[in-house]
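In: fold the following for me, if possible:
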Amino acid sequence: MITLAATPILETERLLLRAPEGGDWPAFDAFLASDRAAFVRSVDYSEAISWRAWGHVIGHWAMRGFGTFVITRRDDRRAIGMCGPWFPATWPEPEIGWTLWDAGAEGAGYAREAARATIAHAFGPLGWQTAVSYIAPANARSIALAERLGARLDPAAAHPGDEPTLVFRHPKTEARE
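Out: Numbers count the residues shown, from 1 in each chain. Sure, this is the predicted structure:
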């Protein structure tokens, strides 16, 4: 398996966050094909779109030098989701995003643990001065997580795309906690 070289690995108490690998695509694809991805997909699922989306995830690392990390538990190293810095060319601001692909991983605090680590990485080694999370208005779980992370709704902030989107701004001080 070919992997991205020279990418950081973030470690938390229970998790390892690493760059995406080609072998993670089946888990990502299964997530995108599920109803759980309703807030992530902007179009109906197709394997072709899922494949291209995974290429974007990996390519972001090559083009920007950073990207979203794949979340794995320390004890089994199986990909359960993705979290971290994301800043496509047309987006107004850099984002911290998160998804848990494995429904069995929900409710255990993994997304919060991963988000805290990636926020610290963005404000620390990446040198970001600001970060937002773009969230669909009906995505109550992500809104609750953003608020638990200390992010606050910023109604004046621009957002990408044409879909209704809430913008939650992360405080820079969050990186130091």
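
In: helix/strand/coil for A115?
Out: Assigned with DSSP: H, G, I helix; E, B strand; the rest coil, A115 falls in the helix class.

In: who touches it in this structure?
Out: Applying CB atoms under 8 Å, 6 or more residues apart in numbering, we find A115 in contact with 83, 96, 98, 145, 149. C-beta: built from backbone N, CA, C; applies to glycine.

In: element containing T72, please.
Out: strand 69-73 (DSSP states H and E).

In: so of the contacts of A115, which ones are in strands?
Out: Among the contacts of A115, the members found in strands (DSSP state E) are 83, 96, 98.

In: and the helix or strand A111 falls within, how far out from the chain middle?
Out: Per DSSP H and E: A111 is located in helix 110-123. Centroid separation for helix 110-123 versus its chain: 9 Å, with CA atoms, centre = their mean, to the nearest Å.

In: what's the spacing between whichever helix or strand comes after it and its chain's center?
Out: Following helix 110-123 in sequence order, the next helix or strand is strand 132-135 (DSSP H and E). Put simply, strand 132-135 sits 10 Å off its chain's centre (CA atoms, centre = their mean).

In: ok, now stretch 130-145?
Out: With CA atoms, centre = their mean as the basis, the mean position of stretch 130-145 lies at 11 Å from the chain mean.

In: what's the single longest helix in this structure?
Out: helix 47-64 (DSSP state H).

In: now do the buried residues in that helix.
Out: Using 16 or more other CB atoms under 10 Å as the burial criterion, the residues of helix 47-64 that qualify are 50, 53-54, 57-58, 60-61.

In: pLDDT added to those residues, as TSV?
Out: Putting those into TSV (pLDDT from 0 to 100) gives the following:
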residue	pLDDT
S50	94
A53	93
W54	95
V57	95
I58	94
H60	95
W61	95
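
In: tell me the one of those nearest D44?
Out: S50 (11.0 Å; CB to CB).

In: doesn't F31 make contact with that closest one?
Out: No - taking CB atoms under 8 Å as the definition, S50 is not a contact partner of F31, at 9.0 Å.
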